[in-house]
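K.L.:
Below: sequence and its predicted model.
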Amino acid sequence: LSSLRSVAPMASDALQSAVVPQSDRKLRACMVTGLVKTEEQWIRDGNDNVPSLNTQNERELMFEVTSPNFDGMVAMMKPDQSWVARWQGITTFVPGCYALRVRGMLPEQHRMTLEENGARYRSLDDDPATSL
């Protein structure tokens, strides 16, 4: 995930709007960053932290790079000032709600896309049975 920081936009602008779920239904977390949004937000707005995996108007891609199975959630509103952001390694990501653990594994073709864009994928799923 540390390599991904070069891909994610800097979130140091204090006026940047937080990306928060607009509902508590059909929530999905990014398998790369843990950002939590509704299915509709993923399709409408795309991937705020990982432009190379842009889900805007791409329903199939959205299902491949996000997961409905995640544990915990933290709200991080000032990434450059937040101890939570430092603890989670998300200081360069957009302000928003992030899953603490995302179950599932990013498909190989999307891991390759990340690598081609200078980022290395690290699973957010610490369960050995699902993150092989």
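P.N.:
Done, it's in.

K.L.:
What count of nearby residues applies to Arg59?
P.N.:
Using other Cβ atoms under 10 Å as the criterion, Arg59 is surrounded by 11 other residues. Any C-beta I mention is one placed from the backbone N, CA and C, and that applies to glycine too.

K.L.:
An error on my part: the question was meant for Thr92.
P.N.:
Using other Cβ under 10 Å: Thr92 sits among 20 other residues.

K.L.:
Likewise for Gly118?
P.N.:
By other Cβ under 10 Å, 11 other residues sit near Gly118.

K.L.:
And it, how close does it get to Val94?
P.N.:
19 Å (Cβ to Cβ, to the nearest Å).

K.L.:
OK, contacts around Asp127?
P.N.:
Arg103 (Cβ atoms under 8 Å, 6 or more residues apart in numbering).

K.L.:
chain center to the worst-scoring helix or strand of the chain on mean pLDDT, what's the gap?
P.N.:
Each helix and strand of the chain was given a mean pLDDT (mean pLDDT, DSSP states H and E); the minimum falls on helix 83-88 at a mean of 84. Computed by Cα atoms, centre = their mean, to the nearest Å, the chain-centroid distance of helix 83-88 equals 15 Å.

K.L.:
what do you get for stretch 107-127?
P.N.:
On Cα atoms, centre = their mean, the centre of stretch 107-127 falls 12 Å from the chain's centre.

K.L.:
so how far does that stretch reach from one end to the other?
P.N.:
Stretch 107-127 has an end-to-end distance of 17 Å (criterion: Cα to Cα, to the nearest Å).

K.L.:
pLDDT of that stretch, averaged?
P.N.:
Mean per-residue pLDDT for stretch 107-127: 91.
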